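**Student:** Provide a 3D model corresponding to the input given below.
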Amino acid sequence: MKIAITGPESTGKTSLAQNLAKEFKTLCTSEFARNYLDEINRPYEFEDIEIIAKNQRKLEDDLLPKANKILFCDTDMLVTKIWSEFVYGKCSPWITKEFEANRYNLYLLCNIDIEWEYDPQREHPHKRQELFDIYKNTLEAYKFPYIIVNGTGNQRVQNAIKAIQKHYSVVRSL
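**Tutor:** Residues are numbered from 1 along each chain as shown. Sure thing, here's the model as predicted:
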C-alpha cells in the first residue's frame with residue numbers, strides 16, 4: 001500500500017511522512033527534489049521537473065518491497081504535475097502518464113492551516129490557497145481517494161493516523 005503525502009509547499013509533508021512512518025513502523029521516501037535542487041547550483045528549468053519525478057518514482061520503487069505494509073511517500077506525481085503546470089503552464093507527458101496510471105491507495109492532502117516557513121526553495125507564500133484548491137480539484141477530477149489533513153504539530157499527525165485507520169483495517173493492527 002502506498003500513501004502519498006501531498007499538497008502545497010510548507011504544509012508539513014516531510015514531517016508528516018516521517019512521523020507516520022515511525023507510528024506505523026514502516027518507511028517513507030525522502031523528497032528527491034530538495035537534494036537535487038541544492039546540487040544543481042542553478043535555477044531549475046522545465047526539464048528538471050521530469051528528472052525529479054523519475055527519481056522520486058525510483059525512490060518509491062526501491063523502498064516499497066522493504067516497507068511494512070505501507071510506504072508513506074513524501075511528495076508524489078501530483079506535486080510534480082501541479083508544480084510544472086503552475087510554473088511553466090505545461091507538464092511533461094511522462095509525468096502526466098505516471099500520474100494517471102499509478103494512483104496511490106490514499107492521498108493525504110495537507111491543508112494550509114500551518115504557518116508558511118521561509119526556505120530558499122519555496123516560491124509561493126501568497127498562493128497557498130490557490131494551490132491547495134488546485135490539488136483538491138485535481139484529486140476530485142480524477143476520483144482519487146483523499147483525506148484533508150488539518151491541525152498543527154502532533155495534532156496533525158494524530159488526525160492523519162485516525163483518518164488512515166478509519167479507512168484501512170489492514171493498518172489498525174500495526
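**Student:** point out where the protein drops to low pLDDT.
**Tutor:** Across the chain, the ranges flagged by pLDDT under 70 are 120, 169-174.
**Student:** looking at it, which helix is longest?
**Tutor:** When the chain is parsed with DSSP state H, its longest helix is helix 46-63.
**Student:** same for that one, what does it pack against?
**Tutor:** Using 3 or more C-beta pairs under 8 Å, 6 or more residues apart in numbering; DSSP states H and E, the elements in contact with helix 46-63 are helix 32-40, strand 71-74, helix 77-88, helix 93-101. C-beta: built from backbone N, CA, C; applies to glycine.
**Student:** out of those, which is closest to Arg122?
**Tutor:** helix 32-40 (10.7 Å; C-beta to C-beta).
**Student:** that closest one: how far from the chain's middle?
**Tutor:** From the chain centre to the centre of helix 32-40 is a distance of 16 Å (C-alpha atoms, centre = their mean, to the nearest Å).
**Student:** now do it: everything it contacts.
**Tutor:** With contacts defined as C-beta atoms under 8 Å, 6 or more residues apart in numbering, helix 32-40 is touched by 44, 48, 51-52, 55-56, 59, 75, 80, 121.
**Student:** out of the residues you listed, which end up buried?
**Tutor:** 44, 48, 51-52, 56, 59, 75, 80 (16 or more other C-beta atoms under 10 Å).
**Student:** what's the closest of those to Lys162?
**Tutor:** Sorting the buried ones among the contacts of helix 32-40 by how near they are to Lys162, with C-beta to C-beta, puts Thr75 at the top with 22.6 Å.
**Student:** do you know how far the closest one is from Lys127?
**Tutor:** Counting by C-beta to C-beta, to the nearest Å, the gap between Thr75 and Lys127 amounts to 18 Å.
**Student:** then Trp94?
**Tutor:** 26 Å.
**Student:** do the same with Lys2
**Tutor:** Distance, Lys2 to Lys127, using C-beta to C-beta: 28 Å.
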